[in-house]
Every structure is written in C-alpha cells, then in structure tokens.
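S.K.: Turn this into a structure:
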Amino acid sequence: MAIGAYCEIRRETGTAAGTETAVSSAFATKIVFAPAVQFGHDNGIAQLERDDEMRNVNEPLLRVPEMFAPSWSMELRMYPDSLAQLLAGHLGAPATTTGDGVITDLGALVIPASAYRHRWTAPYATGAAPQTLAFRLGYGDGVWMEIRGATIESLAITTPDAGGCRVQISGRANFVGKIADPSLTPTYETLAIEPFHKSFASLAWLSGTANTETVSVTIAKPVEHSRTFGSGSKWPNLVEHGDGVPMVTGTIVKRTHDTDDFDALLGGTRFTVLIGWVHTDVITGTRPYTVYVQGPSTSAMLTSGGPEDLQNRRRTPASYDFALTRDSAASSVIECVNATASYS
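M.R.: Down below sits the predicted model:
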C-alpha cells in the first residue's frame, strides 16, 4: 500500500486513447512512479451561461457544466529512468540498442553490456495520433484520481545553479476523475541515484562565443483534444496531432555580450550543437548515465535575442533563443543511456 502522495505514469498502447467512458485497452509494460516535485491538473470546466435569455428576471441564471478541456503539468528533477519514460510518452517509443562494449553514445562514450541506449531521431510524433499517457494519482488523504488520454505538449529541461537539473512537462487530457483505491505499491528509482547536476553538463557550440551561464531545451509538439459530434460525453474523446510540426528549441544565456554570438544571429549562421548531461552515478563499471540533445549536421541556428540593456557595470550578459531545424539531415536527436532495457 502507498504511504503519502504518488504519481504513476503508464503509456497507453490500445487502439484508442482513454476517455471518460473507456480505459485504454492496453498499456506498455514499462511503468514509472515519478519522483515529482509537483503535479497539477485543471478540469477546464466551461459553464453554460444563459443571462442573455429573456426570462423577465434581473438576476444571473442558473449555470450548468457544458464541456471540459482538462490540462495537467508536472515538475521533477531529471533522473535517467523517469526522463526516458516521459520522452517515450512525448515522442513515442525510442530506438533501443543494448550496449556491447563497442557502440557509443552521442558523446562518444562506449556503452557496455548492462547499459542501454535509447534514441529518438527527428521527425518525431509521426503517425495518425500522438502517444497518450494515463496517470493514477494518490493524494495520501483517502482520495485517488485517474487521468486518461493525456498528451504531452511541452517538455523542458532546465539547468539551474542549485537544486538539480529540472524537467517541466505540460499537456492536455481526455478525462480526469475519481477512482477507488487502486492498491498500488509505488516503486521508484533508487535514492542512491542523484539527479543530474549542472556541474557535469557539457556543451559543444559555436566557436569563439562567450562563456555560457546556462542552457535550457524545450521539446514541443501540437496536439488537439476534441469532442466528436454526438460523442455522448462533455469530455474530449478524440486525440489528434495539431497543426504545425514538433520543435526542439532552447535558450542559451551568455555571461558577456560577444560579437560572435551577435553576428551568428544576424547572419543566420548554422552550426552543430551537442548539449549533454553526464551523471555522477554509474550504470556499471565506470559507465555513467547520460542524456544528450544533438543538433547534427549544422542544424542549429539562433532565432532571437541579444545583449541586456547597457548599464554602468563590468559586463553585459546576453541571451539567445535557438532552434534545431532540418537541412540535409535530421534536425535533432535526443538520447538517454540508462539501465532500463525497454520502454515498450
């Protein structure tokens, strides 16, 4: 039995996403209990107001629930197994390769047996419908809830000075409701594994630019949750990809204003980027957990930004937004090396 709050994450793999009237017919074998800092949801209730009707009264009329458009959000520190489960929930199952002492990760580190390389290569989120998730939430006070048909719209990785690297996720869903106690016994990544830290992050970027303060990355895709005609429910019952394409973007903060950064923005310079997080803990032997976001084959470019306002100070910081875009090769690759054999 669970003691206190918990959040279970399952990937829905049935023929249709979960709705108010139906639980998904199948789930991936891999289940994760997220070591979340917070999890929030909003039913997105829209009430039907009829104050514009002529009823010979000068008072607001009774309102009734007309439709629901639920959303959710979560924040957690970046751990190797939880992150990969969320990436699978966002972009679909990865291409997984078992380590053999020969293959390497994007940072050219060899991957031994007992370690696994999970890789997502653009284009992401292809197919008829986006990957969906189901959450079961225990509040620790005799209340349990379930979220069905949930999609991830945005997954952002930030690297603050203190508190560990963070992952912020947000999305939408088909249904949020109360359930009976599911009698779950949460199991988490071991406490012996720390979150990723800024101190051990790495960056391959434009040459000659200023020292970097921090880098954040956002992986976003458009989704739509709709109520089809005559669905018989006030909740969404259909999940589809939205207009637009999945995007990997980010922000880099420089400690000083440097002309190389400024010129790259104005000139639309394209360059190769590799952002890495190397763990302080090892999977086996000396092999650490790693996470990489790569813009291969000069796919990265600055899209906006510049120096902060000029003031009487020793240095002027600058920040730039960037995007990973397709040219002659895939726009981006995302990779996680950990001890989990499969996310199917």
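S.K.: Please count neighbours and contacts with C-alpha atoms only from this point.
M.R.: OK.
S.K.: and the residue lying closest to Ala84 once chain neighbours are set aside, what does it touch?
M.R.: Leaving aside its chain neighbours, Ala84 sits nearest to Cys336 (6.5 Å; criterion: Cα to Cα, 6 or more residues apart in numbering). Counting by Cα atoms under 8 Å, 6 or more residues apart in numbering, Cys336 touches Pro80, Ala84, Arg117, His118, Arg119, Tyr289, Thr290, Val291, Tyr292.
S.K.: can we see that at 6 Å?
M.R.: Neighbouring residues of Cys336 by Cα atoms under 6 Å, 6 or more residues apart in numbering: His118, Thr290, Val291.
S.K.: Reduced to three states, what does it come out as?
M.R.: strand (DSSP: H, G, I helix; E, B strand; the rest coil).
S.K.: For it, give its distance to Met78.
M.R.: Using Cα to Cα, to the nearest Å, Cys336 is found at 11 Å from Met78.
S.K.: where exactly do the helices run in the chain?
M.R.: 80-91, 259-267 (DSSP state H).
S.K.: correct me, but Lys234 touches Met67?
M.R.: Yes: if you go by Cα atoms under 6 Å, Lys234 and Met67 touch, sitting 4.6 Å apart.
S.K.: Residue ranges in the protein under the pLDDT threshold?
M.R.: Applying pLDDT under 70 to the chain flags residues 1-3.
S.K.: What residue in it is the furthest from its centre?
M.R.: Asn56 (52.1 Å; Cα atoms, centre = their mean).
S.K.: who's in contact with stretch 27-41?
M.R.: Residues from elsewhere that reach stretch 27-41 (Cα under 6 Å, 6+ apart): 7-13, 71-76, 188, 343-344.
S.K.: Name whatever forms a beta bridge with the residue positioned nearest the centre of the chain.
M.R.: With distances taken as Cα atoms, centre = their mean, Leu155 lies nearest the centre of the chain, 2.4 Å away. Judged by DSSP bridges, the bridge partners of Leu155 are Ile169, Ile219.
S.K.: wait, what's in contact with it?
M.R.: Applying Cα under 6 Å, 6+ apart, we find Leu155 in contact with Gln168, Ile169, Thr218, Ile219.
S.K.: what about 8 Å?
M.R.: Contacts of Leu155 (Cα under 8 Å, 6+ apart): His90, Val167, Gln168, Ile169, Ser170, Thr218, Ile219, Ala220.
S.K.: Sort out which residues of stretch 241-251 are buried, please.
M.R.: Neighbour counts over stretch 241-251 (16 or more other Cα atoms under 10 Å) mark His241, Pro246, Met247, Val248, Thr249, Gly250, Thr251 as buried.
S.K.: What of stretch 125-141?
M.R.: For stretch 125-141, by 16+ other Cα under 10 Å, it's Ala125, Ala129, Pro130, Gln131, Thr132, Leu133, Ala134, Phe135, Arg136, Leu137, Gly138.
S.K.: which residues sit in contact with the fourth one?
M.R.: For Gln131, the contact set (Cα under 8 Å, 6+ apart) comprises Arg11, Glu12, Thr13, Gly89, His90, Leu91, Gly92, Ala125, Thr151.
S.K.: re earlier: any chance of the contacts of Leu155 in a markdown table, plus neighbour count and distance to Thr98?
M.R.: Shown next, in a markdown table, are the contacts of Leu155 (neighbours: other Cα atoms under 10 Å; distance: Cα to Cα, whole Å):
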| residue | neighbour count | distance to Thr98 |
| --- | --- | --- |
| His90 | 26 | 22 |
| Val167 | 24 | 26 |
| Gln168 | 19 | 29 |
| Ile169 | 22 | 28 |
| Ser170 | 20 | 31 |
| Thr218 | 19 | 27 |
| Ile219 | 20 | 25 |
| Ala220 | 21 | 28 |
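S.K.: on that earlier part again, just the buried ones out of the contacts of stretch 27-41, please.
M.R.: Buried residues within the contacts of stretch 27-41, defined by neighbour count using 16+ other Cα under 10 Å: 7-13, 71-76, 343-344.
S.K.: Tell me the one of those nearest Arg227?
M.R.: Among those, Ser71 lies closest to Arg227 (Cα to Cα), at 15.0 Å.
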